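Trainee: quick one, fold the following:
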Amino acid sequence: MTTALPVLSLVETRVLGVLAEKQRTVPDSYPLTLNALVSGCNQKTSRNPVLELSESQVQAAIDSLKGYSLVAETSGGRAWRYEHNIDRVLRIPSQSVILLTVLMLRGPQTAGELRIACDRMHNFADISSVEGFLDELSERSAGALVVKLARLPGARESRWAHLLSGTPAEEVAPAGGYEAPRAAHDVSLGEVAALKANVARLEAEVAQLKALLGRVCSELGISEEG
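Mentor: Numbers count the residues shown, from 1 in each chain. Next up is the predicted model:
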């Protein structure tokens, strides 16, 4: 890849992750229709954070990812279908794509957690195998795609996070590894992600309204500024 990797939004990484996941877990339904993609994005299981995305949000993310060649559109039956191009654009092996997929869909994970979460898509022989691919992704000459996070107090293993959305915010755990009650002003990463998703939804709705206004004005033969 010769151009710099774009910083993807939460919605874009969710769409990309779902396409990569479903390619391997439901190959008979892949490439995915827009409806299937929306359902995959809004799953309540194997997702962190859980989102409630609209068709317009997902379509806006698809259009953006198509501009980076990370998603391709194909004609299938009565509906357009979508597939990812992660491996070709980033030039990484399928095992690395699967690890990125889980990190995009579930957030930071330890190597052991990743091995279990990837099982439906690929059976890694052991944790060392997972760590080997993670190390390759973190030392990639074209730019790191994952990063090993600082170990939280009380944790036995460090977690890994993807870098497709930029450098992840550091999480701080209380001493001893116990989860203390949050103050009313504290905001979790999941809540921040949900706020970003709401902003993306509103932006997509504004874009739709502008497009609708343009069509109406065109049909009536009047200027939008008028």
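Trainee: touching, residue 53 and residue 38? I think so.
Mentor: Yes - using C-beta atoms under 8 Å, residue 53 is in contact with residue 38, at 6.3 Å. (Each C-beta comes from the backbone N, C-alpha and C, glycine too.)
Trainee: what is the burial count for residue 47?
Mentor: Residues lying near residue 47 (other C-beta atoms under 10 Å) number 17.
Trainee: need the contact list for the closest residue to it other than its chain neighbours.
Mentor: The shortest distance from residue 47 to any non-neighbouring residue, by C-beta to C-beta, 6 or more residues apart in numbering, is to residue 105 (5.9 Å). Taking C-beta atoms under 8 Å, 6 or more residues apart in numbering, we find residue 105 in contact with 14, 17, 18, 21, 46, 47, 48.
Trainee: can you rerun that using 7 Å?
Mentor: When contacts are counted by C-beta atoms under 7 Å, 6 or more residues apart in numbering, residue 105 touches 17, 21, 46, 47.
Trainee: against residue 208, how distant is the last one?
Mentor: This points to residue 47. Going from residue 47 to residue 208 by C-beta to C-beta, to the nearest Å gives 25 Å.
Trainee: next: the third one.
Mentor: From residue 46 across to residue 208, the span is 29 Å (C-beta to C-beta).
Trainee: can you report phi and psi for residue 144?
Mentor: phi -60, psi 140 (degrees, to the nearest 10).
Trainee: so what pLDDT did the residue lying closest to residue 166 once chain neighbours are set aside get?
Mentor: Distances taken as C-beta to C-beta, 6+ apart place residue 7 nearest to residue 166, at 4.8 Å, with adjacent residues excluded. Note on residue 7: pLDDT of 94.
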